[in-house]
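>>> the amino acid sequence is not available; the structure is as follows:
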């Protein structure tokens with residue numbers, strides 16, 4: 001249903017006043033609008049009161065957790081992670097997605113306003129007619145004879161239109177775009193956590209391989225002494241060829257184990273280079289100095305399950321996605337309601353004929369108040385609403401799945417940290433005992449109570465404990481990284497969306 005009014009130089013003033021009053025009433029109705037209820041967005045997961053394996057203590061420093069790698073006080077590790085956060089191409093791609101979401105929000109906001117356009121026309125024609133039946137047929141001011149006549153036309157117009165957001169569809173679409181922008185920002189932060197934790201993971205694995213290599217070299221030297229001793233006894237007829245071959249095989253086994261460590265270190269160095277946005281060529285294990293640190297930072301304490309809702313960007317992204325889907329449901333339901341619009345068309349024209357007739361100038365204005373009522377859509381609107389509601393329910397289930405996975409990851413990481421700490425204490429106790437055993441063997445050998453191989457084998461036991469300790473310390477470093485990532489460390493809440 002449309003109401004239109006054409007204004008021509010003050011004529012039909014009573015009609016115009018009536019239409020203006022009607023327009024005012026309809027505009028008031030349009031501005032009042034109606035509100036569509038938001039759909040339910042409750043999740044099914046009930047949060048536990050505390051993590052089962054978390055240590056007791058005061059709440060962790062959120063600022064330090066946001067830059068969890070600083071807990072190691074390692075300048076090289078910090079510089080590698082900072083460079084990765086600047087140069088990683090996955091994060092740059094996430095930033096482009098964020099820009100796209102910003103542009104989409106800008107589009108939705110601009111769509112809420114009016115639109116205007118200017119158009120014009122400039123044309124002309126030339127005509128000639130044969131008058132064989134009526135000689136010199138004439139119209140007032142115009143003769144149709146053998147001479148041609150020219151016609152010139154010019155027109156310019158302005159169209160302004162605006163659709164009232166009565167049911168809030170445009171507002172809902174804007175809300176959906178706002179939540180999508182938030183989700184894109186949180187997804188970028190989740191990527192930052194992944195990059196930072198991956199750099200730290202490869203860094204400590206590389207250092208662990210180097211520490212293992214140094215220890216294997218000591219083991220080879222230790223068995224080298226045993227080989228010389230055994231070969232001397234074999235020459236003296238006090239040992240068999242079997243004993244000599246046994247020691248040689250042990251050395252070969254250690255050398256084979258050592259041969260893969262260099263390749264492993266290069267693997268982790270190249271992985272770090274790629275994470276920093278570099279080509280792997282030229283960045284080797286020699287670019288990262290040092291060995292695995294024996295001191296492991298303290299495990300963050302005092303974090304509650306409810307804290308994850310604001311600490312983990314993947315959960316925040318899921319929450320924003322839920323709100324976006326809810327807004328899309330409202331936008332779909334808005335199609336059930338009438339739509340109102342206002343448009344105005346104003347134009348000026350000029351016509352000129354090559355004749356005795358004067359040129360013609362004119363102007364016109366058209367105000368249109370439009371109403372659209374969805375009477376029959378063959379079920380399309382209702383089907384679209386069901387689609388949007390199903391998408392919302394899917395997003396809610398995805399949120400629940402992400403939440404329980406997050407709870408599992410944190411509890412699992414706390415459990416690993418605790419178990420590895422207990423294991424480390426036992427391993428160090430065993431190392432102390434084996435060191436004492438080596439000292440006792442050396443005293444007994446000095447008193448001719450035991451043979452030299454007893455010293456070598458006691459040292460070998462010590463090396464076995466030290467190798468296990470390296471594995472334990474590496475596991476503790478990696479578990480702490482895993483815990484920090486599970487807690488949402490690696491980004492700062494409130495940073496740019």
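The structure has been received and is ready for your questions. All values derive from a computational prediction rather than experimental measurement.
>>> what does stretch 451-466 contact?
Outside stretch 451-466, the residues that touch it by CB atoms under 8 Å, 6 or more residues apart in numbering are 215, 218-219, 222-223, 225-226, 229-230, 427, 430-431, 434-435, 437-438, 440-442, 444-445. Backbone N, C-alpha and C define where each C-beta goes, glycine included.
>>> tell me the buried residues in that stretch?
Residues of stretch 451-466 classed as buried by neighbour count (16 or more other CB atoms under 10 Å): 451-466.
>>> which residue sits closest to the spatially most central residue of the chain in space, ignoring its chain neighbours?
Computing the C-alpha centroid of the chain and ranking residues by CA atoms, centre = their mean puts residue 187 first, at 2.1 Å. Spatial nearest neighbour of residue 187, excluding adjacent residues (CB to CB, 6 or more residues apart in numbering): residue 317 at 5.1 Å.
>>> which ones are touching the one you found?
182, 183, 186, 187, 190.
>>> distance of it relative to residue 89?
Note on residue 317: its distance to residue 89, by CB to CB, to the nearest Å, is 20 Å.
>>> next: residue 375.
Distance, residue 375 to residue 89, by CB to CB: 53 Å.
>>> neighbour count: these two, which is higher?
Neighbours per residue (other CB atoms under 10 Å) separate residue 375 from residue 89, with residue 89 holding more: 11 against 5.
>>> quick one: the more buried one from residue 206, how far?
From residue 89 to residue 206 the distance is 22 Å (CB to CB).
>>> what does residue 411 give?
Taking CB to CB, one finds residue 411 at 29 Å from residue 206.
>>> mind showing which ranges of the stretch 151-300 of the chain have poor pLDDT?
Applying pLDDT under 70 to the stretch 151-300 of the chain picks out residues 151-152.
>>> helices of that one, start to end?
169-235, 241-275 (DSSP state H, counting those that start in this stretch).
>>> hang on, the earlier thing: just among the contacts of residue 317, which is most surrounded?
Tallying neighbours with other CB under 10 Å puts residue 183 at the head of those, with 24 neighbours.
>>> surely it meets residue 321?
Yes - between residue 183 and residue 321 there is a contact under CB atoms under 8 Å: 5.1 Å.
>>> my read is that residue 313 contacts residue 488, right?
Yes - between residue 313 and residue 488 there is a contact at 6.4 Å, judged by CB under 8 Å.
>>> looking at those two, which one has more neighbours?
A direct count of neighbours by other CB under 10 Å for residue 313 and residue 488 places residue 488 higher, at 28 against 22.
>>> helix or strand for the more buried one, which one?
Per DSSP states H and E: residue 488 is located in neither a helix nor a strand.
>>> from residue 192, how far out is it?
According to CB to CB, residue 488 stands 11 Å off from residue 192.
>>> touching both of those two, which residues are there?
Common contacts of residue 488 and residue 192 (CB under 8 Å, 6+ apart): none found.
>>> between residue 313 and residue 488, what contacts are shared?
By CB under 8 Å, 6+ apart, the residues touching both residue 313 and residue 488 are residue 193.
>>> residue 113: what secondary structure?
Under DSSP: H, G, I helix; E, B strand; the rest coil, residue 113 falls in the coil class.
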